[in-house]
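Engineer: Okay, here's the prediction I keep looking at, along with the sequence it came from:
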Amino acid sequence: MDRRNFLKVVGATGAFIAVNPSTIQNELFANTGAMFRAYERVQLLDGAGAPIKISQLKKEMNYVFNYPHVSTPAILLNLDESTAKDVKLTSETGEEYVWESGIGKDRTVVAYSAICSHQLAHPTPDDSFLQYVQKDKPTMAFERSGVIVCSSHLSSFDAREGAKRLSGPAIDPLASVVIEVGEDDTLWAVGVLGSDRFHDYFKTFKPELKKFYGGKRKGKKLVKISAKTVPLTEYTKEIIQY
């Protein structure tokens with residue numbers, strides 16, 4: 001059985017077209033403006049350099065890896081319940097696309113860009129304002145927990161439904177990082193779906209890119225071969241969550 005997750009975009013007739021992300025080498029646009037971009041196929045490894053397997057992921061733990069650029073953080077989650085299927089999402093500029101589901105036998109594993117779609121708050125080695133809030137922890141951003149929260153301006157996003165916006169000043173969903181599961185249960189990042197905000201991120205955080213990555217040019221380099229994936233508590237010194 002093919003265990004890759006597929007994307008669905010809106011075609012000219014209004015029908016959904018299944019697309020295997022591994023076969024795409026650059027940007028894919030549907031007639032509506034929906035966008036998927038394939039990047040390097042990168043294996044997720046733990047802090048010791050061993051392949052991460054889907055069965056090893058702890059429930060509701062924030063894992064962070066940088067992808068597709070060496071400076072752009074993403075969050076990997078193994079939720080405690082199955083994700084929705086075929087979630088229709090719309091960007092701030094009216095682009096439509098469909099987030100199919102999480103991966104794994106129970107569709108619980110998801111990955112999203114950890115750059116907030118509002119004002120680009122994100123995890124850094126110093127601190128993090130953006131993370132998934134477990135169901136047993138309260139948040140001021142939304143009426144329930146079990147959501148991704150940006151504590152910078154209290155936007156929240158639904159981790160079970162393609163990171164669609166739930167509350168706060170953000171309008172766009174978070175961009176999704178498309179993940180494949182290998183036959184040996186290893187995890188591979190292959191692309192990004194949605195409005196990724198990378199261009200604005202590189203323009204806005206030049207001092208940060210110099211501090212942590214040696215400059216904008218080095219920070220923009222694409223990740224190749226593998227991406228170190230660690231719990232958020234190991235990625236950053238301080239987690240700010242309201």
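Structural biologist: Right, received. Where do you want to start?
Engineer: Mind listing what's buried along stretch 180-187?
Structural biologist: Across stretch 180-187, burial judged by 16 or more other CB atoms under 10 Å covers Glu180, Val181, Leu187. Quick note: C-beta positions are derived from backbone N, CA and C, even for glycine.
Engineer: cool, stretch 199-211 as well?
Structural biologist: Tyr201, Phe202, Phe205, Glu208, Leu209.
Engineer: before we move on, what about stretch 90-105?
Structural biologist: Thr90, Ser91, Glu95, Tyr97, Val98, Trp99, Glu100, Ser101, Gly102, Ile103, Gly104.
Engineer: Pick the one among the residues you listed closest to His122.
Structural biologist: Nearest to His122 out of the buried residues of stretch 90-105 is Ser91 (CB to CB; 18.7 Å).
Engineer: distance of the closest one from Leu120?
Structural biologist: According to CB to CB, to the nearest Å, Ser91 stands 16 Å off from Leu120.
Engineer: low pLDDT regions in the chain?
Structural biologist: Judged by pLDDT under 70, the chain has its weakly predicted residues at 1-34.
Engineer: let's see 90
Structural biologist: Low-confidence segments of the chain (pLDDT under 90): 1-35, 92-95.
Engineer: where along this structure do the helices fall?
Structural biologist: Counting by DSSP state H, the chain has helices at residues 198-204, 206-213, 216-219, 232-235.
Engineer: helices or strands up against the longest one?
Structural biologist: Counting contacts by 3 or more CB pairs under 8 Å, 6 or more residues apart in numbering; DSSP states H and E, the secondary-structure elements packed against helix 206-213 are helix 216-219.
Engineer: Tell me the buried residues in stretch 185-195?
Structural biologist: By neighbour count on 16+ other CB under 10 Å, the buried set for stretch 185-195 is Leu187, Trp188, Ala189, Val190, Gly191, Val192, Leu193, Gly194, Ser195.
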